[in-house]
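In: No letters, just coordinates:
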């Protein structure tokens, strides 16, 4: 006869086995969909570019070296080149600006929605998500239609006699910021709303009651309470903005390249898949390091507060 | 109890508050006027939806009156935002800031008033001591119990030394024993700080035991303002008599009015002395109330007569329900002794005698 201990042990073993079986589908998908492709990219980054694109199965570190250096055409020596680095820097700057702009526009928007009566909120949220239904490319062309030289804004301004020459907005950083802010705004609004909706507005009243004016209530009560939403929204905007391709391509033109276009170039005309792979992985590394620093700095500030 | 003269801390004059618009308009407060004295423990008592919380929110400044004035020491504060009023609130669910520690919560108001850091620190320490929370000053508010949160909420509201402290059903979330403790604690704090307390509750017992004066509210109106003794023994209207404690209602003809007293002739034919509510207009069938403990059951003839219908034992006392000959029902509360039984049985024919100062004539 099995002792009670053995029975318990057996039950525990079965439970562990079931747990693995039940999570197997999720684990397989995570491995195939996330780890698998990433592994391919890592491998490709260490191969030799094929003459018509693709890769030749020969080990090479040229892909990685080319991220920061350039091989001289004549004597084959490597020299530091900042061409890629400046594109990285530019992308980071513009993505940061996009995050700030979406936060500036998204915060009041989310606050407005969160303070509506419950039934109205759904309608406002629905309106916020409508742009998601249209293809990104089409939305970007729509913006182009608004700001191009013969577009809506310039036509109206000329008709009104405010300007005589169209203002060049297309293919500038301004156009890029308009487009990026527009495209990523919902990604900021939704997490902000999610954390604002949970605020107990009696806390806001308590703030006013304790002599905090509107600005102080915002800074000392509301912002600390929605901090998780601000962090989530910033991450959701900053990361895709850093790798954005369509919007910079259409609105920013080819002069002002961003990372997405640079990577695309290597897989297309550049026919340098290993370099493209290495650039992709560099981007990923930057994002991860940035995230790590961000999360840690936020955590530390919290700790110091307590 | 004689009315004590005193300067009024808060004076509410003809305040109306209307919510909604058009046909869905609701008057939460219907032309309310009341004067609350300095250093007073004043209670707004009424069932939910009577407008007591609305009145409190108007004094706090979270809402603004549709009409009327609210004076604080003679100055109209009705148009001021809450952060410009020297009035603080203890919220029903405390509304402590979850991202701050106990000490930070308590210091918040002083900090917002721009007090120097050393002063804030000293005052916070003083407040922590007042509510006996020194040991937990660095805890997060989520890490302390409901009773402790209550103390922090009190300390936070008292720290800036408000002219008036508003308390919105602050004890309703606590269990019975803790509530009793906090009732005593609140009285102590009010006594020690000398601040005017305006306390909102729907619990009549809480109101009677804690207040200096009570305003009984119903459907957006204040029906009666008085000491607990006034409210209990001399209710002015049926709602007040019914809402606070148990009461017997009798119909009577009133005669010989004068000096706040009258003779009431009951349906049984007996005539008793009664006090008369202010604003009573002479009419044929007035309502007289008698508290169950102010009547006495006799086996002989009394002012009223009837049959014992039911006897309910309560430990300290016994309630004897009597069906009067006039078919009205009447309850007598009799103090228990250690001798067995109350001396009456179901079906007994009994008399009820009403004391000299036991009846009150209502104005409605």
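Out: Great, that's in hand. None of the values given here were measured: they were computed from a predicted structure.
In: Residue of the stretch 1-150 of chain A nearest chain B, please.
Out: Proximity of the stretch 1-150 of chain A to chain B (Cβ to the nearest Cβ) peaks at residue A:117, 12.2 Å away. Bear in mind the C-beta positions are built from the backbone N, C-alpha and C, glycine included.
In: What parts of the stretch 51-200 of chain A come near chain B?
Out: Listed as neighbours of chain B in the stretch 51-200 of chain A under the rule Cβ under 8 Å from any Cβ of the partner chain: residue A:200.
In: what's the neighbour count on whichever residue of the stretch 101-250 of chain B sits closest to chain A?
Out: When scored by Cβ to the nearest Cβ, the stretch 101-250 of chain B has residue B:109 as its residue closest to chain A, at 3.7 Å. Number of residues near residue B:109 (other Cβ atoms under 10 Å in any protein chain shown) recorded here: 26.
In: Where does it fall, secondary structure wise?
Out: Using DSSP states H and E, residue B:109 sits within helix B:102-112.
In: List the contacts of the next helix or strand after that helix.
Out: Next helix or strand after helix B:102-112 toward the C-terminus (DSSP H and E): helix B:117-130. Under the contact criterion Cβ atoms under 8 Å, 6 or more residues apart in numbering or on different chains, helix B:117-130 has outside partners B:102-103, B:106-107, B:110-111, B:115, B:134, B:137, B:155-156, B:158-159, B:189, B:192.
In: what helices or strands is the helix ranked longest in chain B leaning on?
Out: The longest helix of chain B (DSSP state H) is helix B:176-193. Contacts defined by 3 or more Cβ pairs under 8 Å, 6 or more residues apart in numbering or on different chains; DSSP states H and E place helix B:176-193 against helix B:146-158, strand B:196-201, helix B:204-210.
In: Any chance of the ones you listed in TSV with mean pLDDT and mean neighbour count as columns?
Out: What follows is those, written out as TSV (pLDDT from 0 to 100; neighbours: other Cβ atoms under 10 Å in any protein chain shown):
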stretch	mean pLDDT	mean neighbour count
helix B:146-158	93	23
strand B:196-201	96	25
helix B:204-210	92	18
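In: so which of these gets nearest residue B:184?
Out: Of all the helices and strands packed on helix B:176-193, helix B:204-210 sits nearest to residue B:184, with 9.0 Å by Cβ to Cβ.
In: Can you work out which other helices and strands pack against the next helix or strand after the closest one?
Out: Sequence-wise, the next helix or strand downstream of helix B:204-210 (DSSP H and E) is strand B:213-218. Helices and strands touching strand B:213-218, as assessed by 3+ Cβ pairs under 8 Å, 6+ apart, comprise strand B:41-45, strand B:221-226, helix B:228-233, helix B:238-243.
In: Could you check how far the residue in the stretch 101-250 of chain A positioned nearest to chain B is from residue A:130?
Out: Nearest residue of the stretch 101-250 of chain A to chain B (Cβ to the nearest Cβ) works out as residue A:210 at 3.7 Å. Counting by Cβ to Cβ, to the nearest Å, the gap from residue A:210 to residue A:130 is 40 Å.
In: Show me which of those two is the more surrounded one.
Out: Counted by other Cβ under 10 Å, residue A:210 and residue A:130 do not tie: residue A:210 has more neighbours, with 30 against 9.
In: wait, what's in contact with the more buried one?
Out: B:83, B:88, B:108, B:109, B:112, B:156, B:157, B:160.
In: on that earlier part again, list the buried ones in the longest helix of chain B?
Out: Neighbour counts over helix B:176-193 (16 or more other Cβ atoms under 10 Å in any protein chain shown) mark B:178, B:179, B:182, B:183, B:185, B:186, B:189, B:190 as buried.
In: do the same with stretch B:77-97
Out: Using 16+ other Cβ under 10 Å as the test for burial, stretch B:77-97 gives B:77-78, B:80, B:82-83, B:85, B:87-92, B:94-97.
In: Excluding sequence neighbours, find me the nearest residue to residue A:114.
Out: For residue A:114, ignoring the flanking residues on the chain, the nearest one in space by Cβ to Cβ, 6 or more residues apart in numbering or on different chains is residue A:196 at 3.8 Å.
In: So which elements touch the helix or strand hosting the one you found?
Out: For residue A:196, the host element (DSSP H and E) is helix A:173-197. If you count contacts as 3+ Cβ pairs under 8 Å, 6+ apart, helix A:173-197 packs onto helix A:83-114, helix A:118-129, helix A:136-147, helix A:227-242, helix A:246-251.
In: can you do 6 Å?
Out: Using 3 or more Cβ pairs under 6 Å, 6 or more residues apart in numbering or on different chains; DSSP states H and E as the contact test, the elements touching helix A:173-197 are helix A:83-114, helix A:136-147, helix A:227-242, helix A:246-251.
In: and those helices as CSV, adding distance to residue A:68, mean neighbour count and mean pLDDT?
Out: Below are these laid out as CSV (distance: least, Cβ to Cβ, whole Å; neighbours: other Cβ atoms under 10 Å in any protein chain shown; pLDDT from 0 to 100):
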stretch, distance to residue A:68, mean neighbour count, mean pLDDT
helix A:83-114, 6, 18, 93
helix A:136-147, 31, 16, 90
helix A:227-242, 18, 21, 91
helix A:246-251, 22, 22, 88
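In: Pretty sure residue A:116 sits in a helix.
Out: No: counting by DSSP: H, G, I helix; E, B strand; the rest coil, residue A:116 is not found in a helix; it is coil.
In: Phi and psi next, for it.
Out: Taking degrees, to the nearest 10, you get phi -80, psi 160 for the backbone angles of residue A:116.
In: Skipping its backbone neighbours, what lies nearest it in space?
Out: Counting by Cβ to Cβ, 6+ apart, the residue nearest residue A:116 is residue A:124, at 6.2 Å.
In: Now do the phi/psi pair for residue B:20.
Out: Taking degrees, to the nearest 10 as the convention, residue B:20 sits at phi 80, psi -180.
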